[in-house]
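Colleague: what would the 3D arrangement of this be:
(4 chains)
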2 protein chains.
Amino acid sequence: MENYLFDFIEQYMPLLEEEKKAIIDMNIFRSFKKGTVLLKEGDIIKSWYFVIKGCLRSYYIIDSEEKTTAFCTEYESLTPVSGADTYRAAHYVSCVEDSIVTVGNPEMGKETIEKFPRFEKLCLIISEQLLANNLSSFADFKNSSPEQRYLNLLKTRPNLLQRVPHHQIASFLGIQPQSLSRIRKRLAQKGNV
Amino acid sequence: MENYLFDFIEQYMPLLEEEKKAIIDMNIFRSFKKGTVLLKEGDIIKSWYFVIKGCLRSYYIIDSEEKTTAFCTEYESLTPVSGADTYRAAHYVSCVEDSIVTVGNPEMGKETIEKFPRFEKLCLIISEQLLANNLSSFADFKNSSPEQRYLNLLKTRPNLLQRVPHHQIASFLGIQPQSLSRIRKRLAQKGNV
DNA sequence: CCTCTTTTTTAACTTAAGTGAATGAACGAA
DNA sequence: TTCGTTCATTCACTTAAGTTAAAAAAGAGG
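Modeller: Take a look at the predicted model:
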C-alpha cells in the first residue's frame, strides 16, 4: 500500500530507504466509508490527502446547493482549499466511495522537513505543478462550451462518469443537471459518443 | 523602487538588511514599452515577473484568437504558465502599458536560496497562496454567469476596465466582445452601474 | 419485497450568449 | 491632417443553457 505513495513521490524525487521508513512510521493510512465527511467548511485545516483507493470530492455550498470543485481518485492528491483565513477550510471534503487515503498533517510535515530538509523542495515542486495544472484547466474551462467541457472530461477522466453521480459532475462542469442530461442526449443522437 | 518589492516580500516574511542588499545587487529592475512581448509560447521560461508600475497580460492563441488568462498590475506577481513541458511557456506575456517590472530568473533564485535558505520557504508560501487564490477564482468563475463575472471584476479590479481594451477583458471573462457590450448596456439601462 | 428517497431524464418556456455583418469611434503612423 | 487599422457598439438571427415542473428510473433501508 505504501508503494502507491512512494511511486507518487518518486515521480518528483527518488527516496532513500530511511526516508521511506520515516514515512511508514508516521502511520498515515486511513480507511473511510462512502459518505464520510473528512473536512467541513470552517474547520481548521490539519491535513492534506493522497488517495490510494476510492474517490474524494471537494465542494462548497451556496444557497443550500453543493458546488463540486474537485474529484480526487487513485494516485491523486487533494489540498484543502482555504479562503482569506489560510488556516480554515473554505470547502468540504467527503468520500464519494469507500476510500483508503493517506492523511498528512502540518506538524508531521514540519518534523519531516526538519529531519529531511529536501522535502521542502519536493513540496515546492508539487505546489508549483498543482498551480500550473490549475491555471491550465482554468484557461481551458473559460474558453470552452459546456458540451466541450463534458467531452473533455470524457477524454481526460472517462471512468469518473461511472463512479460519480451525474448531478455532481454537472456542478463540477458549472452547469445544471438537466443541461448535462440534454448534452448527453444530443451527443448520443449525433452518434459522437 | 525596491521598496515595492520588499513590501511585497515582507507580507510573508521580514527581510534582513543583508538580504535586501543581495536583492538589490541582483539588478533585476527593467522597463518595457507598451506592446513589448516579454515571453512567447514555446520560449524557455527563465523568469518570473513582479510589477512595480504598469500592466502585464498573459494570453495564448487558438485559431488566431488571443485568449487572455491574466492581468497583472502594480504589486502583483506573474508566474509564467507552462504546459506538459515545464521548462517552456504555454502562454505569451506582454505589456498592456509602459511598465516597470522586476525580472527574476531561476539561476538567481537558486543562488539566492543557497545563500539564504529560508527563501525556499517563502517561495513555497507564495506558491501555495497563488494556488489557493486560483482555486477560489476558478470556483467563482464556474458558478457565475458572464454578467456576474463582469460585476465581480468591476468590484474586485475596478480600474482594469479603464486600463485595458475591452475585447481583452471579454476574453478574460470567457465571452465575446459583443456580449460584453450587451452586458454593459443592459446594466446601464437597469441603472445598476 | 415494498416504500421512500435520491437521481436522471424529459418537456415547455424563458433568457442570454454566440455568430455574422455592419457602422461608427478611437488610435497610430506616415 | 489624413488614411488605414483596431476597437466598441448595435442589430438580426441562431443556438443552447437556465428554470420550473413532472415523470421515470435507480438505490437504500427496513
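
Colleague: only C-alpha atoms for contact and neighbour calcs from this point on.
Modeller: OK.

Colleague: give the next helix or strand downstream of the lowest-mean-pLDDT helix or strand in chain A.
Modeller: Between all helices and strands in chain A, the lowest mean by mean pLDDT, DSSP states H and E belongs to helix A:106-115, at a mean of 79. As assigned by DSSP states H and E, the chain's next helix or strand after helix A:106-115 is helix A:118-142.

Colleague: buried residues, the least confident helix or strand of chain A. List them.
Modeller: Residues of helix A:106-115 classed as buried: A:112, A:113 (neighbour count, 16 or more other CA atoms under 10 Å in any protein chain shown).

Colleague: now swap in stretch A:161-169 and tell me
Modeller: By neighbour count on 16+ other CA under 10 Å, the buried set for stretch A:161-169 is A:166, A:167, A:168, A:169.

Colleague: can you tell me which residues in chain A are near DNA strand D?
Modeller: Residues of chain A lying close to DNA strand D (CA under 7 Å from any atom of the strand) are A:145, A:146, A:147, A:174, A:175, A:176, A:178, A:179, A:182, A:183.

Colleague: backbone dihedrals for the spatially closest residue to the fifth one that is not a sequence neighbour, both of them.
Modeller: Spatial nearest neighbour of residue A:175, excluding adjacent residues (CA to CA, 6 or more residues apart in numbering or on different chains): residue A:146 at 7.1 Å. As for residue A:146, its main-chain torsions (degrees, to the nearest 10) stand at phi -50, psi -40.

Colleague: near DNA strand C, which residues of chain A?
Modeller: Residues of chain A found near DNA strand C (CA under 7 Å from any atom of the strand) are A:164-168, A:177-182, A:184-185.

Colleague: one more pass at 10 Å, please.
Modeller: Applying CA under 10 Å from any atom of the strand, we find that chain A lies next to DNA strand C at A:35, A:96, A:142-145, A:161-170, A:176-186, A:188.

Colleague: out of these, which are inside helices?
Modeller: Counting by DSSP state H, these place A:142, A:161-163, A:166-170, A:177-186, A:188 in helices.

Colleague: which stretches of chain A have low pLDDT?
Modeller: For chain A, the stretches with pLDDT under 70 are A:106, A:191-193.

Colleague: picking that back up, which two of the residues of chain A next to DNA strand D lie the greatest distance from each other?
Modeller: A:145 and A:178 (15.5 Å; CA to CA).

Colleague: endpoint to endpoint, stretch A:59-69 covers what distance?
Modeller: Start-to-end span of stretch A:59-69 (CA to CA, to the nearest Å) is 5 Å.

Colleague: residues touching that stretch, excluding its own?
Modeller: Stretch A:59-69 has contacts (CA atoms under 8 Å, 6 or more residues apart in numbering or on different chains) with A:41, A:57-58, A:70, A:90-93, A:168-169, A:171-172, B:139, B:143.

Colleague: if you set the cut-off to 6 Å instead, what comes out?
Modeller: With contact meaning CA atoms under 6 Å, 6 or more residues apart in numbering or on different chains, stretch A:59-69 is reached by A:58, A:91, A:92, A:171, A:172.

Colleague: in TSV, list the residues you listed along with secondary structure and neighbour count.
Modeller: Output for these, formatted as TSV (DSSP: H, G, I helix; E, B strand; the rest coil; neighbours: other CA atoms under 10 Å in any protein chain shown):
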residue	secondary structure	neighbour count
A:58	strand	27
A:91	coil	24
A:92	strand	23
A:171	helix	20
A:172	helix	23
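
Colleague: quick one: residue A:78 and residue A:49 touch, right?
Modeller: Yes: counting by CA atoms under 6 Å, residue A:78 touches residue A:49, with 5.2 Å between them.

Colleague: the more surrounded of those two?
Modeller: Taking other CA atoms under 10 Å in any protein chain shown, residue A:78 and residue A:49 do not tie; residue A:49 has more neighbours (22 against 19).

Colleague: residue A:190 and residue A:154, how far apart?
Modeller: 16 Å.

Colleague: those two: which is more packed in?
Modeller: Higher neighbour count among residue A:190 and residue A:154: residue A:154, with 14 against 9, using other CA under 10 Å.

Colleague: so what's that one up against?
Modeller: Applying CA under 6 Å, 6+ apart, no residues contact residue A:154.

Colleague: what strand or helix carries it?
Modeller: Using DSSP H and E, residue A:154 falls within helix A:146-156.

Colleague: please identify the buried residues of that helix?
Modeller: Judged by neighbour count using 16+ other CA under 10 Å, the buried positions of helix A:146-156 are A:146, A:147, A:149, A:150, A:151, A:153.

Colleague: what sits against the last one?
Modeller: For residue A:153, the contact set (CA under 6 Å, 6+ apart) is empty.
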